[in-house]
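> Fold the following.
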Amino acid sequence: MKLKTPKGLNTRPTVDSVKESVFNILNPYIPGSKVLDLFAGTGALAIEALSRGAELAYLVEENRNCCGIIRENLAHTKLLVKGMVYCRKVSSFLKEIGKKGVKFDIVFMDPPYSNNFIQETLQLLVENDIINDKGIVVAEHHKNDIVMDSLGNLKKIRTKRYGDTQVSFLVNS
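Just a heads-up that it's a prediction; the model follows:
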């Protein structure tokens, strides 16, 4: 199903071939999972997870225009009741949700490239203990961004490269 995207170049939607590859890897883990989509953009990753059987998704995006588009996309796909949109900074959301004891099975993060958000966000995920045991973090990033092999209980188990984009998979052990 075609999703609405914002006009301009402020978002960088995940390329369909990358998304397909990621979901082929994740497919066994999705049914019944609780998903967190950080830097959600259009909500495409969370919506794909929901369409494949995830129980619910929290979508976090700072841009108000994108938040409206995420809500429209959730409504268009008839997944509005399973998606909770938070229009705020990712760092503030992670600190707040950590205090509430909410945990997730799958975390998608696709931050703006070259702003050092990858390490900062991974650190916040660990510090706020919001990933379930054996939970998976899927981090999309520029090939030059470094994702450490381990951080706290997170261990990088796989990295796939698609042109200038890399996707790193980390497991909470």
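
> Please report the distance of the closest residue to residue 105 other than its chain neighbours from residue 26.
Nearest non-adjacent residue to residue 105, counting by C-beta to C-beta, 6 or more residues apart in numbering: residue 33, 3.9 Å away. C-beta: built from backbone N, CA, C; applies to glycine. Separation of residue 33 from residue 26 (C-beta to C-beta, to the nearest Å): 9 Å.

> Common neighbours of those two, please.
Taking C-beta atoms under 8 Å, 6 or more residues apart in numbering as the criterion, residue 33 and residue 26 both touch 49, 106.

> quick one on the thing from earlier: list the contacts for the residue nearest to residue 105?
With contact set as C-beta under 8 Å, 6+ apart, residue 33 has these partners: 49, 53-55, 104-106.

> from these, which is closest to residue 18?
Nearest to residue 18 among the contacts of residue 33 is residue 49, at 14.7 Å by C-beta to C-beta.

> Please enumerate the helices of this protein.
16-26, 44-51, 64-76, 90-100, 117-127 (DSSP state H).

> can you list the weak-confidence ranges in the protein?
Residues of the chain meeting the criterion pLDDT under 70: 1-2, 4, 6-15, 114.

> and the residue lying closest to residue 52 once chain neighbours are set aside, how far is that from residue 69?
What sits nearest to residue 52 in space, not counting adjacent residues and going by C-beta to C-beta, 6+ apart, is residue 30, at 4.7 Å. Distance of residue 30 to residue 69, given as C-beta to C-beta: 23 Å.

> if we can go back for a sec, can I get the helices of the chain in TSV including distance to residue 111?
As requested, these are exported to TSV (distance: least, C-beta to C-beta, whole Å):
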stretch	distance to residue 111
helix 16-26	15
helix 44-51	13
helix 64-76	13
helix 90-100	7
helix 117-127	3
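
> most tightly surrounded among the ones you listed?
helix 44-51 (a mean of 25; mean count of other C-beta atoms under 10 Å).

> Spit out the contact partners of the closest residue to residue 103 other than its chain neighbours.
Nearest residue to residue 103, sequence neighbours excluded (C-beta to C-beta, 6+ apart): residue 132, at 4.7 Å. By C-beta under 8 Å, 6+ apart, the residues touching residue 132 are 34, 103-105, 172.

> Next one: residue 132 from residue 18, what distance?
Relative to residue 18, and taking C-beta to C-beta, residue 132 is found at 25 Å.
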